[in-house]
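J.: My questions are about this predicted structure, shown below with the sequence.
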Amino acid sequence: MNKNFAAFFLFGLLILLFWGNYLLFKPFLVSIVLALVISQLFKKQFQKLNLCLGHRPSLASLLLCLVIFIFLFLPLLGIAYLTAAEISNFYEKIQSENWLENLSVFTRSLTADNYLNGPEQVAAPWQITPEKIASLQKTLGNYLFATIKIFYQSASHFVFMSFVMFFSLYYFFKDGNLFLQKIKKISPLKDAQEEKIFINFINIARATLKGSFVLAIIQGATLGLAFWLLGISSPIFWALLTAFFSLIPFIGTAAVWLPVGIFLLIEGSYFQAGAVILLGLVVISNIDNLLRPLLVGKDSGLHPLLVFFSTLGGIAIFGLSGFFIGPIITALLLSVLEIYQNEFKTELDNFNHPKQ
């Protein structure tokens, strides 16, 4: 058999299998990458703990995963519980006569105050009748039921992906060096080049993760402070909920300030409602757009413009996980280009500056 044909066949088979495995791992990529980044962030702590336990990596990995779970994920479970309680309270509130009376007064005031002056057919749909109140109750009840259902489905998905992350994290702590050595053995690159790619990968992943949490804190603190100044109840809860939703692309902080603003508007708190909606539209929504490229770019060395487009492109291609994967792919490309530039420096210099 022709040797070249065998080589092409082998490489073709490798590409096909790599693609198949990519499809298998795709749903869990974010969890795996997060586990890899966290394992590098706590690498020194793992080494010290392993040494204290007499070189028992399995036990050290298990204990460190438990500590990380307690300090990082139990607060999120607390937020989820508080959110479920608030949704339940809100559902009870809209069933009360006082809230429905406020809604009736609000809609009547639209017509009475000439906000909807005009032909009768324009104003008529805003007139409150018992039938419309019953219909509204049913609509809001169905909406809240669907919201609670989505919330618990998302919570179930979050719990499962967290399990995948901690399962991966356990083995990255325990066998991370072994995995790295196996990759180095099959790589034709020099050790320094492999190290550079790996370090850049960790740096951009860490910068993306850090930037997301910093932005979550900024957005949560900003909205929480605004709620406190406006006299809205439970500002700390709303701040925590805003920080949580800011980590979810597409949904974002609007899932908090928009319903709160509408609710305040219906209750008749017009100044508070206007302030919340204006703050959400002008300030909160733009914090992510303005600061994410700067924060991630500063820590990773990527230009803010590259961070901006790689994040948008990543979300367009990979969905919600793209905000994390997109910048990593761009950073790896730049690392490979730098290796190429160093490896073929002489040839590139001769090409760009030919001798006369």
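T.: Everything's here; your move.
J.: can you list the weak-confidence ranges in the chain?
T.: 1-2, 79-80, 83-155, 248-251, 320, 347-356 (pLDDT under 70).
J.: any idea how far residue 78 is from the residue positioned nearest the centre of it?
T.: Nearest residue to the geometric centre of the chain (C-alpha atoms, centre = their mean): residue 247, 3.5 Å. Counting by C-beta to C-beta, to the nearest Å, the separation of residue 247 from residue 78 is 16 Å. Placement of C-beta: from N, CA and C, glycine included.
J.: Off-centre distance for stretch 234-245?
T.: Its chain's C-alpha centre and that of stretch 234-245 lie 15 Å apart, by C-alpha atoms, centre = their mean, to the nearest Å.
J.: Now tell me what touches that stretch from outside.
T.: 76, 79, 82-83, 86, 216-217, 219-221, 223-225, 227-228, 232, 251-253, 255-257, 260, 284 (C-beta atoms under 8 Å, 6 or more residues apart in numbering).
J.: the helices in the stretch 1-150 of the chain, which residues?
T.: 3-25, 29-41, 43-52, 57-68, 74-94, 97-112, 120-123, 130-186 (DSSP state H, counting those that start in this stretch).
J.: For the fourth one, buried residues please.
T.: So the one you mean is helix 57-68. By 16 or more other C-beta atoms under 10 Å, the buried positions in helix 57-68 come out as 57, 60, 61, 63, 64, 65, 68.
J.: Show me which of those residues is closest to residue 173.
T.: Nearest to residue 173 among the buried residues of helix 57-68: residue 61, at 3.8 Å, using C-beta to C-beta.
J.: Please name the nearest non-neighbouring residue to the closest one.
T.: Excluding its sequence neighbours, the residue lying closest to residue 61 (C-beta to C-beta, 6 or more residues apart in numbering) is residue 173, at 3.8 Å.
J.: ok, now residue 300?
T.: Excluding the flanking residues, the one nearest residue 300 by C-beta to C-beta, 6+ apart is residue 207, at 3.7 Å.
J.: Do I have it right that the one you found meets residue 299?
T.: Yes: judged on C-beta atoms under 8 Å, residue 207 makes contact with residue 299 at a distance of 3.6 Å.
J.: The two - which one has more neighbours?
T.: Higher neighbour count among residue 207 and residue 299: residue 207, with 23 against 17, using other C-beta atoms under 10 Å.
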